[in-house]
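In: I would like the atomic coordinates for the input below:
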Amino acid sequence: MSDFPSITLCMIVKNEARMIDRCLNSVHGIVNEIIIVDTGSTDSTFEIAENHGARVYPYKWNNNFSEARNYGLSYATGDWILWLDADEELDETEKISLPKILSNTKANILALPVLNYHGQAEPVDKNNLFLIYQPRLFRNYLSIKFINRIHETVLPPETLEHLTENIAVSIHHYGYLKQITEAKQKGSRNLQLLEQEVSEPSHSPWIEYHIASEHYRNNKYEKAFMYVNQAIVAFIQKGLMPPSLLYKLKYAILIETNSLDGAWPSIDKAILLYPDYVDLHFYKGYILYEKKEYIGSLESFEKCLELGENNTKYLILKGVGTFKAWHYKGLCLERLGRTEEAQKAYEFEGNSLH
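Out: Below you'll find the model as predicted:
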């Protein structure tokens, strides 16, 4: 790797003995340095990390993920910083291209596709995931730092050209599996930190969104709906268009609670804002299907198939532009008495499953 830019992996951990070995194995031969900030492990995390050649720095946890990550950055000597969590791993085949990508890119920040698996436990269903691109690699020594107490992200200084490039090196994330979230009590920890953040007058409307997401994952739909609407209003009051994630969550809540009259026809307003967001078209198709408006529903699912699910701007549920859309297209065609076309749709559904 000496001919390529060097990479430092930076992580913050606590009691990750069950997960960290897989994570560190996934970067073997790719990173030149591993910096781990340990916020109080009492298991064998420290020893496992050192066995991988990591330099481990104890850190007193102060309820701020960004400050802990920035502490780790202060020890990094690589040309590039890669940041991962212990419940993640780099894709085994795609990671091989990473050194060459770093040699050729002019970007300062690289966004990688993060495959967020959901369900009960491992082994995961590779069709049961949400995909979103996140900034996970950035050049060192450019004063790029982490911001936000929780749900941290990187922020370059105002003087630096914010040039970001998407690259096809996937990160597999297992942290949303129910078994893991319950074991770590992630929900209660996240809500505690978010409530600290939301009490600050200058907080970002993203905080209300993240609170809504936590309540949604805990099936507290009334609270989730209240907070996502507060987030939408707060963005508008700041003169900003509410991000697509807010509308995705809002209509997911309405569908989950079978509030179809609340979802239709207002979802069309969200689609006007984000006409290329396949998940919103899928939600519209589902709403119309449940309302027995099969022609309109069919049109929505055909739009989903036209859009596909490779748009790097959005959080996308796998299948809404492929097998799930084909399935509902088949159901619509059946209801419309077009049985031969329905059968072909089901065949396409089967072929698109992988």
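In: got a pLDDT number for residue 189?
Out: Predicted confidence (pLDDT) at residue 189: the value is 87.
In: Please apply the same query to the one 10 residues further on.
Out: Looking at residue 199, its pLDDT stands at 90.
In: Just list the residues touching the closest residue to residue 139 other than its chain neighbours, thanks.
Out: What sits nearest to residue 139 in space, not counting adjacent residues and going by C-beta to C-beta, 6 or more residues apart in numbering, is residue 108, at 5.1 Å. (Glycine included, C-beta is placed from N, CA and C.) By C-beta atoms under 8 Å, 6 or more residues apart in numbering, the contact list for residue 108 reads 138-139, 142, 144, 156, 160-164.
In: So which of those residues belong to strands?
Out: Among the contacts of residue 108, the members found in strands (DSSP state E) are 138-139, 164.
In: From these, list the buried ones, please.
Out: Listed as buried from the ones in strands among the contacts of residue 108 are 138-139; burial here means 16 or more other C-beta atoms under 10 Å.
In: Redo the ones in strands among the contacts of residue 108 as JSON lines? Include distance to residue 336 and pLDDT.
Out: Output for the ones in strands among the contacts of residue 108, formatted as JSON lines (distance: C-beta to C-beta, whole Å; pLDDT from 0 to 100):
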{"residue": "138", "distance to residue 336": "51", "pLDDT": "98"}
{"residue": "139", "distance to residue 336": "55", "pLDDT": "97"}
{"residue": "164", "distance to residue 336": "44", "pLDDT": "94"}
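In: Is it possible to get JSON lines of the ones in strands among the contacts of residue 108 that adds distance to residue 316?
Out: Formatted as JSON lines, these follow (distance: C-beta to C-beta, whole Å):
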{"residue": "138", "distance to residue 316": "24"}
{"residue": "139", "distance to residue 316": "28"}
{"residue": "164", "distance to residue 316": "18"}
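In: Between the ones in strands among the contacts of residue 108, which sits nearest residue 80?
Out: residue 139 (6.0 Å; C-beta to C-beta).
In: Around residue 64, how many other residues sit close by?
Out: 17 (other C-beta atoms under 10 Å).
In: Using the three-state scheme, assign residue 326.
Out: helix (DSSP: H, G, I helix; E, B strand; the rest coil).
In: what's near enough to touch the closest residue to it other than its chain neighbours?
Out: The shortest distance from residue 326 to any residue other than its chain neighbours is 3.7 Å, reached at residue 349 (C-beta to C-beta, 6+ apart). Neighbour list for residue 349: 323, 326-327, 330 [criterion: C-beta under 8 Å, 6+ apart].
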